[in-house]
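**Q** Here is a sequence with its predicted model. Questions after.
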Amino acid sequence: MMLSPQTLNLARRLLACEVVASENSEPTESSAVRVCEKLRGPLCALAGVAGYRSLLSRALTLARAETPGLSAVQVAADGSLEGLGEFAPQIDKDHAGEAGVILIAQLLGLCLALIGEVLTLRLVEDVSPYLPTTKSATPTPFEDILKEVGHLNNVSERLESLADQHPIVEDALMSVSGNIRNTATVLEVLALIRDKSVPLPKNEPKEPVQRYKM
């Protein structure tokens, strides 16, 4: 998966913010692990633990193609990263830092492909509020959300199609698909309620009942 310069830059900025945020403490984990941990919560809420674990595993596989030293890193059953702390001593600090950038960038790239730019940037802002990412001018934010709702529904449908083709992982794919569809429904309702330009249906007055007269 070819990463765009914008995605790599976003990953670097996200990791840099994490480094600054931990200056007054003594973190026992790398900044890449801490960023993944912050992203794990909302992404698990969106796609479930199994869905997030699959997403991070795919990102790790893609990152290994560029940084073979990441072969020691594994994704645990709960979606947490294991072995990244032991990665730094194997090579110099600059390469270790770049490996974390590539891993986070691959994860962000998969999010961009699956849930779209608007939701991905909002997710990044939620886990790193001091990192502005959204575009300065968004004329119709609720329309953008509704577009992402369409993307999410398409992803859900594609996962259901894959479930039919691969019975061995059918239950897991159907679970992820259901979670994504439920999220899309919540977003759609939220957008329609908050967007004052969309007229909500009103209850029409009932016509008086004409009783039959003898």
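**A** Thanks, I have the structure now. Numbering: from 1, shown residues only.
**Q** what element comes up after the lowest-mean-pLDDT helix or strand in the chain heading to the C-terminus?
**A** Across the helices and strands of the chain, mean confidence by mean pLDDT, DSSP states H and E is lowest for helix 141-165: a mean of 79. Toward the C-terminus, helix 141-165 is succeeded by helix 170-194 as the next helix or strand (DSSP states H and E).
**Q** Okay, strands next: where are they in the chain?
**A** 74-75, 81-82 (DSSP state E).
**Q** ok, the first one: who's next to it in the sheet?
**A** The strands beside strand 74-75 in its sheet (DSSP bridges) come out as strand 81-82 (antiparallel).
**Q** Residues touching the partner strand, excluding its own?
**A** For strand 81-82, contacts defined as Cβ atoms under 8 Å, 6 or more residues apart in numbering pick out 32, 33, 36, 56, 73, 74, 75, 76. (Each C-beta comes from the backbone N, C-alpha and C, glycine too.)
**Q** if we can go back for a sec, which one, of the strands of the chain, ends up nearest to residue 185?
**A** Proximity to residue 185 (Cβ to Cβ) singles out strand 74-75 among the strands of the chain, at 28.7 Å.
**Q** Now do the closest one, average pLDDT.
**A** Across strand 74-75, pLDDT averages out at 90.
**Q** quick one on the thing from earlier: in CSV: the strands of the chain, plus distance to residue 120 and mean neighbour count.
**A** CSV is the format used below for the strands of the chain (distance: least, Cβ to Cβ, whole Å; neighbours: other Cβ atoms under 10 Å):
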stretch, distance to residue 120, mean neighbour count
strand 74-75, 20, 17
strand 81-82, 20, 18
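**Q** of the ones you listed, which approaches residue 148 most closely?
**A** With Cβ to Cβ, the closest approach to residue 148 among the strands of the chain belongs to strand 74-75: 26.0 Å.
**Q** for this structure, which spans come out with low pLDDT?
**A** For the chain, applying pLDDT under 70 flags the ranges 1, 22-28, 85-97, 129-130, 132-143, 191-214.
**Q** follow-up on the earlier one: any idea how far the least confident helix or strand of the chain is from the chain center?
**A** Centroid separation between helix 141-165 and its chain, computed with Cα atoms, centre = their mean, to the nearest Å, is 13 Å.
**Q** do the same with stretch 69-80
**A** For stretch 69-80, the distance to the chain centre is 18 Å (Cα atoms, centre = their mean).
**Q** end-to-end on that stretch?
**A** Criterion Cα to Cα, to the nearest Å; first-to-last residue distance in stretch 69-80 is 18 Å.
**Q** coming back round to it: same list, the contacts of strand 81-82, but as CSV with distance to residue 113 please.
**A** Shown next, in CSV, are the contacts of strand 81-82 (distance: Cβ to Cβ, whole Å):
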residue, distance to residue 113
32, 20
33, 23
36, 18
56, 14
73, 22
74, 23
75, 19
76, 24
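**Q** Now do the closest residue to residue 119 other than its chain neighbours: how many residues are near it, please.
**A** Among residues not flanking residue 119 along the chain, residue 148 sits closest, at 5.2 Å (Cβ to Cβ, 6 or more residues apart in numbering). Neighbour count for residue 148, taken as other Cβ atoms under 10 Å: 22.
**Q** Surely residue 148 touches residue 116?
**A** Yes: counting by Cβ atoms under 8 Å, residue 116 is a contact partner of residue 148 at 4.4 Å.
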